[in-house]
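A.B. asks: heads up, no residue letters with this:
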């Protein structure tokens, strides 16, 4: 590998990690806005979205430039392909954080309603998945990545249960339909963030092992067998 290519790859890694940090921050603030009815946090999420979009475009352009100029192979090529895909997932996570902020604004317009949804627990688990997918990328840790993938089913089930409960609550309290729908939609956004965290983890597995793991997740203790 040429010294120039190594420098460009190192810069690409730093840019990708910076975007990871921004996406995690956006999700944290959006959840804070929803659970604490914090409109200042919601506004901060909305204001930062353009920065994530800009960095996503710049990072994609950098990947394409490296591909065109250096024609990398083997692990370097896998890294650039993974970076392109992770970059897209991070931008989508940023969009979903903005959606959560919008739901927080809607929810805050109404007096507090009885909230039997365990959104706080779900939010903590989703943030944990996102954090661990990023850590797996930093450490090049396929076992941690596989663990993230395995947790996705739990989030899917929680979203399903919240939807069912929301339907019951709407029937019992039709006058509270808007705040109930806002909370159910927030759960759906959290589930989608978990999906993108899983995508990132799958790309880490591809990056480290050269295998495409979509639709064939194994328990962490079976990875590599």
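C.D. replies: Nice, thanks for sending it over. In this text, all values refer to a predicted model and were calculated from it rather than measured experimentally.

A.B. asks: Only C-alpha atoms from now on, for both contacts and neighbour counts.
C.D. replies: Will do.

A.B. asks: What is the helix or strand containing residue 75 packed up against?
C.D. replies: According to DSSP states H and E, residue 75 maps onto helix 74-108. Contacts defined by 3 or more C-alpha pairs under 8 Å, 6 or more residues apart in numbering; DSSP states H and E place helix 74-108 against helix 3-36, helix 39-70, helix 177-209.

A.B. asks: Recalculate using a threshold of 10 Å.
C.D. replies: helix 3-36, helix 39-70, helix 119-139, helix 177-209 (3 or more C-alpha pairs under 10 Å, 6 or more residues apart in numbering; DSSP states H and E).

A.B. asks: how about those in CSV, adding distance to residue 160?
C.D. replies: Output for the helices and strands packed on helix 74-108, formatted as CSV (distance: least, C-alpha to C-alpha, whole Å):
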stretch, distance to residue 160
helix 3-36, 19
helix 39-70, 25
helix 119-139, 12
helix 177-209, 9
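
A.B. asks: Please identify the deepest-packed of the ones you listed.
C.D. replies: helix 177-209 (a mean of 24; mean count of other C-alpha atoms under 10 Å).

A.B. asks: Report the inter-axis angle for it versus helix 3-36.
C.D. replies: Here the directions of helix 177-209 and helix 3-36 differ by 160 degrees (axes from the mean of the first three to the mean of the last three C-alpha atoms, to 10 degrees).

A.B. asks: can you state the direction angle for helix 177-209 and helix 119-139?
C.D. replies: 20 degrees.

A.B. asks: Quick one: mean pLDDT for helix 177-209?
C.D. replies: Averaged across helix 177-209, the pLDDT comes to 95.

A.B. asks: tell me the angle it makes with helix 74-108.
C.D. replies: Using the same axes, to 10 degrees: helix 177-209 against helix 74-108 is 170 degrees.

A.B. asks: how far does helix 177-209 sit from the chain's center?
C.D. replies: 6 Å (C-alpha atoms, centre = their mean, to the nearest Å).

A.B. asks: what helices or strands is that helix leaning on?
C.D. replies: In terms of contacts (3+ C-alpha pairs under 10 Å, 6+ apart), helix 177-209 is packed against helix 3-36, helix 74-108, helix 119-139, helix 142-172.

A.B. asks: Go through the ones you listed and name the closest to residue 66.
C.D. replies: Residue 66 lies closest, by C-alpha to C-alpha, to one member of the helices and strands packed on helix 177-209: helix 3-36, at 7.4 Å.

A.B. asks: roughly how far is that closest one from the heart of the chain?
C.D. replies: 11 Å.

A.B. asks: helices or strands next to it in the packing?
C.D. replies: Where contact means 3+ C-alpha pairs under 10 Å, 6+ apart, helix 3-36 is packed against helix 39-70, helix 74-108, helix 119-139, helix 177-209.

A.B. asks: Out of those, which gets nearest to residue 146?
C.D. replies: helix 177-209 (6.8 Å).

A.B. asks: report the angle between the axes of the closest one and helix 142-172?
C.D. replies: Going by the same axes, to 10 degrees, helix 177-209 makes 170 degrees with helix 142-172.

A.B. asks: circling back: pLDDT of the helix holding residue 75, averaged?
C.D. replies: On average, helix 74-108 scores 95.

A.B. asks: Any chance of a markdown table for the helices and strands packed on helix 177-209, columns distance to residue 202?
C.D. replies: Formatted as a markdown table, these follow (distance: least, C-alpha to C-alpha, whole Å):
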| stretch | distance to residue 202 |
| --- | --- |
| helix 3-36 | 16 |
| helix 74-108 | 9 |
| helix 119-139 | 9 |
| helix 142-172 | 7 |
